[in-house]
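Visitor: Prediction below, plus the sequence it came from.
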Amino acid sequence: MALAADAMEADAPLLRLVAYADGASRGNPGPASFGAVVLDVDGHELQALGGQIGRNTNNVAEYQGAIAAVEAALELGATELELHMDSQLIVRQVEGRYRVRNAMLKPLFDKLVALLDQLDGFKIRHVPREQNTRADALANAALDGTLDTIR
């Protein structure tokens, strides 16, 4: 029976999704939030989310956004993901170009990598802030308490 299950998994279709993630902190540290949006490869929005995360740094908020985006993509059944972020630090840490030296970021990095490891494949890309406006708007709406009005 295990052989049949393995064969069924091998025949499962790939689901490629695209996600954008962002974080916001007013004061750094200060009141913080995240925003994330998951799209299909044709650019249709599948899920948008955001939330407040208390008093934190911008880097913590950026990681929380990335984690939320990957969790949402996995819940939608993604097997492959392209994650876009305007945080060069986080992109380079995930790529292995920078080490994670901050003790507060290490558990968030570990969680993000563990989530990404659940995918068959992923790419992480740094994008200019102008290409990350939806996730940014969600993060700011969450921080302002107006998230429901932006969906």
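Guide: All right, it came through fine.
Visitor: Enumerate the positions of the helix or strand that residue 36 is a member of that are buried.
Guide: Per DSSP states H and E: residue 36 is located in strand 30-40. Of the residues in strand 30-40, those buried by neighbour count under the rule 16 or more other Cβ atoms under 10 Å are 31, 32, 33, 34, 35, 36, 37, 38, 39. C-beta here means a position set from N, CA and C on the backbone, and glycine is covered the same way.
Visitor: for stretch 80-100, same thing?
Guide: Within stretch 80-100, the residues scored as buried using 16+ other Cβ under 10 Å are 80-87, 89-91, 93-94, 100.
Visitor: same for the strand holding residue 36, what does it pack against?
Guide: The elements that strand 30-40 packs onto, with contact taken as 3 or more Cβ pairs under 8 Å, 6 or more residues apart in numbering; DSSP states H and E, are strand 16-25, strand 45-56, helix 58-75, helix 133-144.
Visitor: beta partners for residue 121?
Guide: Beta-bridge partners recorded for residue 121 (DSSP bridges): residue 80.
Visitor: Same check on residue 84?
Guide: residue 20, residue 125.
Visitor: Name the nearest residue to the residue nearest the centre of the chain, sequence neighbours excluded.
Guide: For the chain, the residue sitting closest to the mean C-alpha position, by Cα atoms, centre = their mean, is residue 66 at 2.4 Å. Counting by Cβ to Cβ, 6 or more residues apart in numbering, residue 66 lies nearest to residue 21, which is 4.5 Å off, once chain neighbours are set aside.
Visitor: which ones are touching that neighbour?
Guide: 34, 35, 36, 62, 65, 66, 68, 69, 83, 84, 85, 135 (Cβ atoms under 8 Å, 6 or more residues apart in numbering).
Visitor: again, but for residue 38
Guide: The contact partners of residue 38, taken as Cβ under 8 Å, 6+ apart, are 17, 18, 19, 45, 46, 47, 48, 69, 72, 73, 76, 78.
Visitor: go again using 10 Å as the cut-off
Guide: Under the criterion of Cβ atoms under 10 Å, 6 or more residues apart in numbering, the neighbours of residue 38 are 17-21, 45-49, 68-76, 78, 81, 83.
Visitor: If you drop the residues flanking it in sequence, what lies closest to residue 138?
Guide: Closest residue to residue 138 apart from its sequence neighbours, by Cβ to Cβ, 6+ apart: residue 35 at 2.8 Å.
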